[in-house]
Structures are given as structure tokens and as C-alpha cells.
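> Task: produce atomic coordinates for the following.
(one chain, ligands or ions: 1)
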Amino acid sequence: MMSVVMLLLALIYPKNGSTRFWAIGNSFIAAGLLLLGLRNHIPDFLSIPVSNTFITIGYCYILAGISVFVGRKIPTRSLTLVCLTLFLSFLFFTDFMPNLTARIIIISLTVSALGFASAWLFFMDKREDYRFLENILAWIFILHSCYLILRATFTYSDTPLSNFMDANTLHALSFLDVFIFSILITFGLSFLLNTELQAKLRHISETDNLTGILNRGAFLALIRSKADTHQYPISVMMIDIDHFKKINDTYGHQMGDTALAFTTDFIQTQLDETSLFGRLGGEEFCIALPNTTLAEAERLAQDLLASLSSTPLIKDGHAINISISIGITEHSETMLNIEDSLQLADKALYKAKEAGRNRLITHAA
Ligand SMILES: Nc1nc2c(ncn2[C@@H]2O[C@H](COP(=O)(O)OP(=O)(O)OP(=O)(O)O)[C@@H](O)[C@H]2O)c(=O)[nH]1
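Below you'll find the model as predicted:
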């Protein structure tokens, strides 16, 4: 049933690489358990080596899906080696030296190792959006793996088993363990997909698709939240590209777009990670610098003006000089709201345009 859920998710999210791996993984585990349950009704080859290899392949696929999800390379070679080794050792302990105890220990330790590796991958993922769910999933894998180690240890110290179907409660509980594990993991992974989808939607709704920086709405929301957390003084820089219409008119709209992206990238390289940078619309941008005085912001603006005007955009055989005008103000505790400060910076920008462009004007309170 859980593999059907995963297959449905893979159909709903066809572009998501991890879902496909998880769906295939769950299907292999389900097929392996089915073959295992048909013991005494089908040839031993199918109900022992093949079934256990299927289960192992299933866990390998789940681990591969997690690797894709967390942005790591799939350890294809190691996983293939694990499956091959398990298959051959199961063949050996089924046909050449039948030994149920050895088989239980091998499958338990193999699956628990894959479980620990999966948990490790989740723990190593540092993305905040997924932290909570990934920790829960990691612990589900760890608990499942610990149970399997317990099973291997008991099997090793217990009297040798001759028939799996006559095995004690710990072995019988394995079916329950896999059942509960599959349910928890399927739900956990689908919640994770949902969180990923939400994060993608949020990113799309907050990002300006031409420049990749914050759009107007997201920028204003973020700057308001910085003001709420009292990261004073917050210096605000309103920036507008000079004679941008001329670039569009002379070189075409596409070159205009390139100039916007070029200017954005240029400015972004001059900012540190505490700065907020957004495109307010057209060729107008805004930078908010929390915990930055007016004097520090002015220094940064001067550097920007000087370096941008001496770095032409080179494209299609053209060298286009781009300059910007900047209006700056400082938002302090005594001011009513951040929108007023943005307006003051905008007025200063207007003055910079009037004064001849390619300059900065400060609005001092
Ligand atoms: N290529 C391109 N052009 C845009 C975009 N958004 C706005 N524009 C154009 O930007 C131009 C802005 O022109 P103006 O507001 O007259 O300003 P300007 O030519 O930069 O002159 P000043 O600001 O006074 O220096 C308009 O022609 C808009 O059509 C965009 O996303 N891509």
C-alpha cells in the first residue's frame, strides 16, 4: 500500500528525482516482502536470495532518493556492491552452506547500515526549511536500524535457527517493524515533498525572475521585519539606473534585460550577507543595510558608483557604460515606520537625478 502511495506521489511530482527513487525503493521492499511471505510455496531461490536482495535494493533506492533530495551524489558503486555482496552471500548460505542464522545476521546488518547512512544524510543537510522533518525521519531510520542490530545480536547469541517460520517473537516482530517503518517513512517523505514544494513556491513568489533577487513585496516584508527586530541604524539606499530607456531604445529590450541582470550581479558582489537587496520595479532597486550608519552606507555607495561606472557591460560586440544614481537615508528608532524612510531615500534619489545622475545624495534627518 505504501509503495502505491509513493508511486502516486511520483506521478504527481514527475520532475522530482527523489520521489521516483523512493517509489521504486518502496516497490522493491514490497515485492521482497511478498516473496518472503510466499516461503514454502515458491522455490527457495525466489523466497530467500531474491526476496532479500529485493529488500536491500529497495533500501538502496530510498538512500539514493535521500541523496538526491539533500543534493549529494548517489553512491551508485557502493550501493551496487552492497546488493551484489548480499545476493552472493545469500546464495552461499542458502544453496552451499544453508545457514538461516547467518542470513538473518547479514540482512539485518546490511539494512541497518543503509538505515544509518540514510539518517546521516538527513542530519548532514543544513537547510533550515527541512530541519525538523529531516530530524524526525533520521530518528525513524536510527530506531529501525537499532532494532535490526538487536535482532542480529540476539540471532548470533541464540540457538541456531532451522526454519524461519518457526522463529521466535523477535523475528516475527520484524514484519511489524518493516510495516511500521514503511508507513512512517512514506508519510515522512511525503511531508518532506510537501515542504519542498512550499519552499519552492515561496521562493518563486519572493524572487524577481529576471535578476534572481528579492522582488518588491518580499523586500518590503523583509525590511519591515528587520525594523521590527530593531537592527538600528538601518541605512536605506534607493538606486536607479541612469538613462535606462536609452539602453532599451539603442540596443533593444533584451540588452536592457541583460543590463538589469548585469547591474544586479555587480551590486550584489559588493554586498555582504547581512544586506537586503531587492528590485522594486523597472530599473529601480533598494538596498537596506541593518546595523549600518549613514557614513558607512555613503562609503559603500561611493565605491559602487565608482566601480560600476568604470566597468562597462560587454556583450555582442558592444561596450555599454552603465551608471546609477543613489538616494540614501538612515532609519533610526525615532522614526515612525520604515516606509517613511524609503520615501525619504526616494526623494534623495530624485535629487541625485536632477543634479546630473551618477551620484549619491543623502537625506540627513
Ligand atoms: N528591458 C527592460 N526594460 C524595462 C524593464 N522594466 C522597465 N523597463 C524600461 O525602463 C525604462 C525606464 O525609463 P525611465 O523611467 O524614463 O528612466 P530612465 O530612462 O532610466 O531615465 P532616468 O531614470 O531619468 O535616468 C522604460 O523604458 C521601461 O520600459 C525590464 O524589466 N526590462
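> For the residue in the stretch 51-200 of the chain that the ligand sits nearest to, report the pLDDT, please.
In the stretch 51-200 of the chain, no residue comes nearer to the ligand than K200, which is 23.0 Å away by CB to the nearest ligand atom. Where you see a C-beta, it was placed from the backbone N, CA and C, and this is true even at glycine. Listed pLDDT for K200 reads 88.
> element containing it?
Using DSSP states H and E, K200 sits within helix 169-206.
> What residues of that helix count as buried?
Residues 170-171, 174, 177-178, 181-182, 184-186, 188-190, 192-193, 195-196, 206 are the ones in helix 169-206 that count as buried (16 or more other CB atoms under 10 Å).
> Kindly report the same for stretch 281-288.
Neighbour-count burial for stretch 281-288 [16+ other CB under 10 Å]: 283-288.
> Report whether that stretch contacts the ligand.
Yes: using CB under 6 Å from any ligand atom, stretch 281-288 reaches the ligand at 282-283.
> Show me what from this protein comes close to the ligand.
Counting by CB under 6 Å from any ligand atom, the chain comes close to the ligand at 210, 240-246, 248, 253, 256-257, 260, 282-283, 353, 357.
> Can you go through those residues and name the buried ones?
Buried subset of the residues of the chain next to the ligand (neighbour count, 16+ other CB under 10 Å): 240-242, 244, 248, 256, 260, 283, 353.
> could you redo the residues you listed as TSV and give each row pLDDT and secondary structure?
TSV is the format used below for these (pLDDT from 0 to 100; DSSP: H, G, I helix; E, B strand; the rest coil):
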residue	pLDDT	secondary structure
D240	98	strand
I241	97	strand
D242	97	coil
F244	96	helix
N248	95	helix
G256	96	helix
L260	97	helix
E283	95	coil
K353	97	helix
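> got those as CSV, with distance to A152 columns?
Listed next are these as CSV, based on distance: CB to CB, whole Å:
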residue, distance to A152
D240, 68
I241, 67
D242, 72
F244, 69
N248, 70
G256, 66
L260, 61
E283, 66
K353, 75
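> Can you tell me which of those is nearest S47?
L260 (64.4 Å; CB to CB).
> Could you double-check that that closest one lies in contact with I213?
No: using CB atoms under 8 Å, L260 is not in contact with I213, being 10.4 Å away.
> I'd like to know how far the closest residue to D129 other than its chain neighbours sits from L192.
Nearest residue to D129, sequence neighbours excluded (CB to CB, 6 or more residues apart in numbering): A199, at 4.6 Å. A199 is 10 Å from L192, where distance means CB to CB, to the nearest Å.
> got any residues that touch both of L260 and I213?
R279 (CB atoms under 8 Å, 6 or more residues apart in numbering).
> domains of this structure?
Annotated domains of the chain cover 2-206, 216-363 [automatic domain parsing].
> how about the helices of the stretch 251-365 of the chain, start to end?
Using DSSP state H, counting those that start in this stretch, the helices of the stretch 251-365 of the chain run over 253-269, 294-309, 338-354.
> Could you identify which of these is most buried?
helix 338-354 (a mean of 19; mean count of other CB atoms under 10 Å).
> what kind of secondary structure is I149 in?
For I149, the assignment made with DSSP: H, G, I helix; E, B strand; the rest coil gives helix.
> wait, doesn't it sit right on S108?
Yes: using CB under 8 Å, I149 is in contact with S108, at 7.0 Å.
> So between the two, which is more surrounded?
A count of neighbours by other CB atoms under 10 Å puts S108 above the other of I149 and S108, at 23 against 15.
> Which strand or helix spans that one?
helix 100-124.
> Can you work out which residues contact both of A199 and L192?
Between them, A199 and L192 share the contacting residues Y130, judged by CB under 8 Å, 6+ apart.
> Once you drop chain neighbours, what's closest to F90?
In space, F90 is closest to P49, 3.9 Å off (CB to CB, 6+ apart).
> Name all residues that make contact with the one you found.
Per CB under 8 Å, 6+ apart, neighbours of P49: 87, 90-91, 94.
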